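Asker: Kindly return the folded structure for what I paste below:
(2 chains)
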Amino acid sequence: MSLVRQVFGKPWIWAFLATLATFVVTILFTGGASTVGLAQAALTFGAFSVIVGLGQMFVVTLGPGNVDLSIPATMTLAGTLALKVMETQDGLIWLGLVVTLLTGLVIGIANYGLIKLLRIPPIIATLSASFIVQSAAIWTNRGIRIKPPELLAQFSTASTLGIPNVAWLALVISVAAWVALERGIYGRFVSAIGQNMRAARLAGVPVDGVRFATYVLCALLAAITGFLLSCFSGGAALNMGAEYLLTSIAVVVIGGTAVAGGFANVPGIWGASLFLFLVVSMLNTYGASAGVRMLLTGVIIIGVIVAASRRPAR
Amino acid sequence: MKHSLVLGSLVLALMSGSAMADTSGKKIALSNNYAGNSWRQAMLQSWDKVTKPAVESGVVAAADAFTTAENQATEQAAQIQNLILQGYDAIVINAASPTAINGAVKEACDAGIIVVSFDGIVTEPCAWRIAVDFAGMGKSEIDYLKEALPNGGKLLEIRGLAGVFVDDEISKGIHAGVAENPQFEIVGSVHGDWAQDVAQKAVAGILPSLPADIVAVVTQGGDGYGAAQAFAAAGRPTPTIIMGNRQDELAWWKEQKDANGYKTMSVSIAPGVSTLAFWVAQQILDGKEVPKDLIVPFLRIDQETLEANLASTPVGGVANVEYSQEDAIKVIEGK
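Answerer: The predicted structure follows:
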């Protein structure tokens, strides 16, 4: 009994319950024949949301007003630049990775520079940075879709032990994030700043350093996702990151991370990412029109958030 | 008194129809609402390519392109107001909304400025419209499939961006075609937002629930390559996927054609339609009588014309044609 109560007290359980429900409803359409295919598709596309979602989660946890809106532009620029320097050659993959990480690093530093030095609120700072980054992507890309090196294209679309490779990668990053959050000093710092920045500063938390590191981390994860996504879908396109702006925030919120900051959780990001993919697939499968689909998606998301934000009975 | 005399003679001169006003002193502006995809990039490049020589040779005095940052109607309305103040003689518009910038368009007309809208057209009656027969484009896909797959079968439809007029029109055309040809049946429909990655994701999500005997995928452009990737990832045989003239789609088609004789067709609007709008504006400034509603032909690529079109399409671009002054005159005269 206490175990049940403990499990249902977790903020992430609702995202998983919703995921399970949508999954079952979707496969019922074909009488279960689509189970494996749907699970693989959900893990593949969920993985991209998980990686950007983790970065956004740390940023949101920093407290009210903290959000990174430059994620889509970062993804586009990183994917574009990396594919360009690799020139579809397997031997240059290392260079592509270096360029990806450098892109994330520079954008992260620029974001926090705007926030700290110019005292611009994070929403405005990251939004304006994203215009610059997107323009840079347009300038270097000019609509060009360059193919990824064959090796990378194969890796990102293949599976190991029945699980898509990108999902394995997301899992590794998630475990690292979980350890940093729950067991490491970094996670304690982030949570402390989100709960009360003044108190954290007085307690000796290096507030600026931690916030700086968090924005850089978020940009790095976005860059990595952009790199993976452009390899997965056979090339970088100018609008490829667009849908990840709202997705990255939605998975954080649905996953049970406090929007006001101070409390984060990693498992919820997975539940929410899979859920967001499955709910669209479910409504598509049952042939719901676009209007109905958006309406139901909104209603379902509100429902999950309301369920997750109820305080557990003590 | 003197003024009315001048005006009167001007009106007479215009009405006689023979007036060939010189346009070398006229300034034309392009007001564009979005630049963030390959189609729009090609559109802007075509504009540059055609208008630069026109300015250099003195056909017009200026042909400047302006793009708004946020794809917002309010922002574009403000931009048009600026263009009015800057004294342009004609404004060519790809509009963010068919109705929301009508106020600004009316202001421009009242200031004596010629307004020509294309692709994203405006409904304000004082403006010219260069529209695409999107429904006809959708129907042409089914007309092709009717010939290519006489036995019919199950279809998957990939739509564009929900809530956009173009998406409704193309889809309406496709459904009208299917209604006329009951041997076809649309068994699934997803929104791909005209983007390869979104289309890939949407198709991958619905594919496990679809029957195995999908014979064709009807699309709206920008989504064919993503659909092909999703079918390949699911380990399914590739159906006939209608393409949308993007270079990556054409390159993929060519690969398949060489490997196994894959057959399909590709249809979309050439981004060069911006240059048609430019010439139409120039013709109106020149005093030509131009009907308010013009229809631009769509660009179709078939099995035989694939190689030639692929060769002339830049990597990452869209198959394109630029229009000349003569082409514009032909469209105006309805030929």
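Asker: Please list the residues of the stretch 101-250 of chain B that sit near chain A.
Answerer: For the stretch 101-250 of chain B, the contact set with chain A under CB under 8 Å from any CB of the partner chain comprises B:159, B:162-163, B:188-191, B:193, B:195-198, B:200-202, B:204-209, B:225-226, B:229, B:233-234, B:246-248. Just so you know, the C-beta spots here come from the backbone N, C-alpha and C atoms, and that holds for glycine as well.
Asker: Generate a PyMOL selection restricted to the buried subset of these.
Answerer: The PyMOL command for the buried members of these (criterion: 16 or more other CB atoms under 10 Å in any protein chain shown) is given here:
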select buried, chain B and resi 159+188+189+190+191+193+195+196+197+198+200+201+202+204+205+206+207+208+209+225+226+229+233+246+247+248
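Asker: List the ones among the residues of the stretch 101-250 of chain B next to chain A that fall in strands.
Answerer: Of these, the ones assigned to strands by DSSP state E are B:159, B:188, B:189, B:190, B:191.
Asker: Reformat those residues as JSON lines; add pLDDT.
Answerer: Formatted as JSON lines, those follow (pLDDT from 0 to 100):
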{"residue": "B:159", "pLDDT": "90"}
{"residue": "B:188", "pLDDT": "88"}
{"residue": "B:189", "pLDDT": "90"}
{"residue": "B:190", "pLDDT": "90"}
{"residue": "B:191", "pLDDT": "89"}
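Asker: ok, so of the residues you listed, who is nearest chain A?
Answerer: Ranked by distance to chain A (CB to the nearest CB), these are led by residue B:190 at 5.1 Å.
Asker: what sits against the residue nearest to that closest one when sequence neighbours are not counted?
Answerer: Nearest non-adjacent residue to residue B:190, counting by CB to CB, 6 or more residues apart in numbering or on different chains: residue B:202, 3.8 Å away. Going by CB atoms under 8 Å, 6 or more residues apart in numbering or on different chains, residue B:202 touches A:280, A:284, B:158, B:190, B:191, B:192.
Asker: Pull out the buried residues from the helix or strand hosting residue B:328.
Answerer: Per DSSP states H and E, residue B:328 falls inside helix B:325-332. For helix B:325-332, burial by neighbour count (16+ other CB under 10 Å) applies to B:325, B:327, B:328, B:331, B:332.
Asker: Across the sheet, point out what pairs with the nearest residue to the fourth one once chain neighbours are set aside.
Answerer: Pointing back at residue B:331 there. The shortest distance from residue B:331 to any non-neighbouring residue, by CB to CB, 6+ apart, is to residue B:294 (5.7 Å). When assigned by DSSP bridges, residue B:294 has beta-bridge partners residue B:130.
Asker: Just to check, residue B:294 is in contact with residue B:332?
Answerer: Yes - counting by CB atoms under 8 Å, residue B:294 touches residue B:332, with 6.8 Å between them.
Asker: Need the residues touching each of the two.
Answerer: With contacts defined as CB under 8 Å, 6+ apart, the residues shared by residue B:294 and residue B:332 are residue B:280.
Asker: what ranges do the strands span in the stretch 201-314 of chain A?
Answerer: Taking DSSP state E, counting those that start in this stretch, the stretch 201-314 of chain A contains no strands at all.
Asker: what does it have sitting close to chain B?
Answerer: Neighbours of chain B within the stretch 201-314 of chain A, by CB under 8 Å from any CB: A:229, A:233-235, A:237-240, A:242-243, A:277-278, A:280-281, A:284-285, A:287, A:290-291, A:294.
Asker: Restricted to buried residues, select those in ChimeraX.
Answerer: Burial among those is assessed by 16+ other CB under 10 Å; the matching ChimeraX selection reads:
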select /A:229,233,234,235,237,238,239,240,242,243,277,278,280,281,284,285,290,294
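Asker: Which members of the residues of the stretch 201-314 of chain A next to chain B are positioned in helices?
Answerer: A:229, A:277, A:278, A:280, A:281, A:284, A:285, A:290, A:291, A:294 (DSSP state H).
Asker: out of those residues, what pair is the most spread apart?
Answerer: A:229 and A:291 (28.0 Å; CB to CB).
Asker: burial measure for residue 135, as a count.
Answerer: You didn't say which chain, so I picked chain A. Residues lying near residue A:135 (other CB atoms under 10 Å in any protein chain shown) number 15.
Asker: should've been chain B
Answerer: Residue B:135 has 18 neighbours, counted by other CB under 10 Å.
Asker: what about the helices in chain A?
Answerer: A:2-9, A:13-28, A:35-61, A:71-86, A:93-117, A:122-141, A:150-157, A:165-178, A:185-195, A:197-202, A:207-232, A:244-254, A:267-285, A:290-309.
Asker: Low-confidence ranges, chain A, go.
Answerer: Filtered on pLDDT under 70, chain A yields the residue ranges A:1-4, A:7-9, A:32, A:141-145, A:308-314.
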